[in-house]
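Novice: Provided below for reference: sequence and predicted model.
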Amino acid sequence: MSGIRKWLCFLTFALLMSVAVDGYSQLNRKAIKKNNRRIGSYRGKKSHFGADKVYNAIGFSLNALNYYGDLAPTPNRISTDISFTRPAFGLSFSHRFGPRYTLTGSFAYGTLRGADAESADRTDSTNGLFRSNRNLSFRNRIKELSVVASLDLWKNESTYISRVKWTPYLFAGISVFHHNPQAQVPATQVDNTTPFSNVGTWVDLQPLGTEGQHATLRESDINYGIKPYKLIQPAIPMGAGIRFRVNEVMDFSAELGFRYLFTDYIDDVSQNYVDLGVFGDNELAKALSYRSSEIAENIPFLQPQQSAVDGKTYNLLPGYGAEHPDNLRGNKDDRDIFMVTTFRLTYIIGKTFHRAKFR
């Protein structure tokens, strides 16, 4: 009997062990399947505070600048001369705050250009002919510091490594820029006879006060009270773009932005002509304030201006270069704008070195 009891105990123990092993195996298989599903759907570690979505990046951009203002081909607010598109470059530093928001500080340098002689349509008897006869031109080298906030339209739920492949975004901010409009010295003075010795040289326009900013104007003068414009100005950058993920640490973006300015003198043109006599002996200021006599087609129509305040007589094209409310040089009611098209390559910093250190 004792032998039979031993066999029964052994068989009972074996049966219990078999059941236990089988149960453990089933639980283990379920755990493996669950882990496999987690691994298959893994998109990067998520944290409550979004720490893995916060990173910094540096960028380099190639830009294109376009000018909208008084020397545009037409008075239309969106008129610009594409042939005057000029290149620019920029450097940037960005800090990403989370799934959607980025703050970017940038420096940009580029040139704006405009010229009536090249943009205006002389066959247009209204706006084009007026601009062609006006014959003003400028260049302006822009140096800008900006801070803009951008909002991604596609939310990034993952870490920076698994960020979305592409997303459109909107941006707006504030900038400060230095500008200095210039023009080339013409061949002759206003009399169309006396030559300048430095023909073709680019000279700064702001110190000349081409609309009477540095002259003593009478209260009856249309530009009375005008003041010199400042060369350091604020602006509001805003626009939209699209960003593409290149690899784990690099992005490429393309954006179209506008700079809404608080000055109308990006081109040195805003108000009315002033009597050339207010410039005294500054022949260069006279020549760059009024340039209609440089056009050969206008020479037969020049008429003497008898009322110059310096007592001299100037042969001018009627409607240009003389003090009168109707003799417009620009439109002071519309401030200038310039457009910036940007192609930027950015590189994520900080996170890259952190990953390398702990691998």
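Specialist: Yes, it's here.
Novice: in this structure residue 117 contacts residue 133, no?
Specialist: No: using C-beta atoms under 8 Å, residue 117 makes no contact with residue 133, being 10.2 Å away. To be clear about C-beta, it is placed using only N, CA and C from the backbone, and glycine gets the same treatment.
Novice: among these two, which residue is more densely surrounded?
Specialist: Set side by side, residue 117 and residue 133 show unequal neighbour counts under other C-beta atoms under 10 Å, the larger going to residue 133 at 20 against 15.
Novice: quick one: contacts for residue 78?
Specialist: Taking C-beta atoms under 8 Å, 6 or more residues apart in numbering as the criterion, residue 78 is in contact with residue 68.
Novice: how about a cut-off of 10 Å?
Specialist: For residue 78, the contacting residues are 68, 72, 337, 339, taking C-beta atoms under 10 Å, 6 or more residues apart in numbering as the criterion.
Novice: rewinding a little: joint contacts of residue 117 and residue 133?
Specialist: Any residue near both residue 117 and residue 133 by C-beta under 10 Å, 6+ apart counts here, and that gives 291, 295.
Novice: still on that earlier bit, and the furthest pair within the contacts of residue 78?
Specialist: Pairwise distances across the contacts of residue 78 (C-beta to C-beta) peak at 11.7 Å, for the pair 72 and 339.
Novice: if you count surrounding residues, which of those two has more?
Specialist: Shown here are residue 72 and residue 339; by other C-beta under 10 Å, residue 72 has more neighbours (26 against 19).
Novice: which strand residues bridge residue 141?
Specialist: Partner residues in beta bridges with residue 141, using DSSP bridges, are residue 111.
Novice: what about it, how many neighbours?
Specialist: Here the number of neighbours of residue 141 (other C-beta under 10 Å) works out to 16.
Novice: I'd say it and residue 179 touch.
Specialist: Yes: taking C-beta atoms under 10 Å as the definition, residue 141 is a contact partner of residue 179 at 7.3 Å.
Novice: let me see the contact set for residue 139.
Specialist: When contacts are counted by C-beta under 10 Å, 6+ apart, residue 139 touches 67, 84, 86, 111-115, 180-184, 202, 267.
Novice: just the buried members of those residues?
Specialist: Restricting the contacts of residue 139 to buried positions leaves 67, 84, 86, 112, 113, 114, 115, 181, 182, 183, 184, 267, with burial counted as 16 or more other C-beta atoms under 10 Å.
Novice: out of these, what pair is the most spread apart?
Specialist: Greatest spatial distance in the buried ones among the contacts of residue 139: 67 and 184, 16.8 Å, computed using C-beta to C-beta.
Novice: partner residues bridging residue 62?
Specialist: Applying DSSP bridges to residue 62 gives these bridge partners: residue 89, residue 343.
Novice: may I see the buried residues of stretch 158-176?
Specialist: Using 16+ other C-beta under 10 Å as the burial criterion, the residues of stretch 158-176 that qualify are 158, 159, 160, 161, 162, 163, 167, 169, 171, 173, 175.
Novice: and the furthest pair within those?
Specialist: Within those, 162 and 175 form the most distant pair, 33.0 Å apart (C-beta to C-beta).
Novice: give the contact list for the closest residue to residue 282 other than its chain neighbours.
Specialist: In space, residue 282 comes closest to residue 208 once its chain neighbours are excluded; the distance is 7.0 Å by C-beta to C-beta, 6 or more residues apart in numbering. If you count contacts by C-beta under 10 Å, 6+ apart, residue 208 has them with 183, 214, 268, 279, 282, 284, 285, 286, 287, 288, 289.
Novice: separate out the buried members of the residues you listed.
Specialist: If you count burial by 16+ other C-beta under 10 Å, the buried members of the contacts of residue 208 come out as 183, 214, 268, 279, 282, 284, 285, 286, 287, 288, 289.
Novice: can you tell me which of those is closest to residue 59?
Specialist: After measuring the buried ones among the contacts of residue 208 against residue 59 - C-beta to C-beta - the closest member comes out as residue 268, at 32.7 Å.
Novice: quick one: residues contacting the closest one.
Specialist: Taking C-beta under 10 Å, 6+ apart as the criterion, residue 268 is in contact with 70-71, 114, 136-138, 140, 180-183, 204-206, 208-211, 213, 229, 288-289, 329-330.
Novice: rewinding a little: overlap in contacts, residue 72 and residue 339.
Specialist: Common neighbours of residue 72 and residue 339, counting by C-beta under 10 Å, 6+ apart, are 66, 78, 80.
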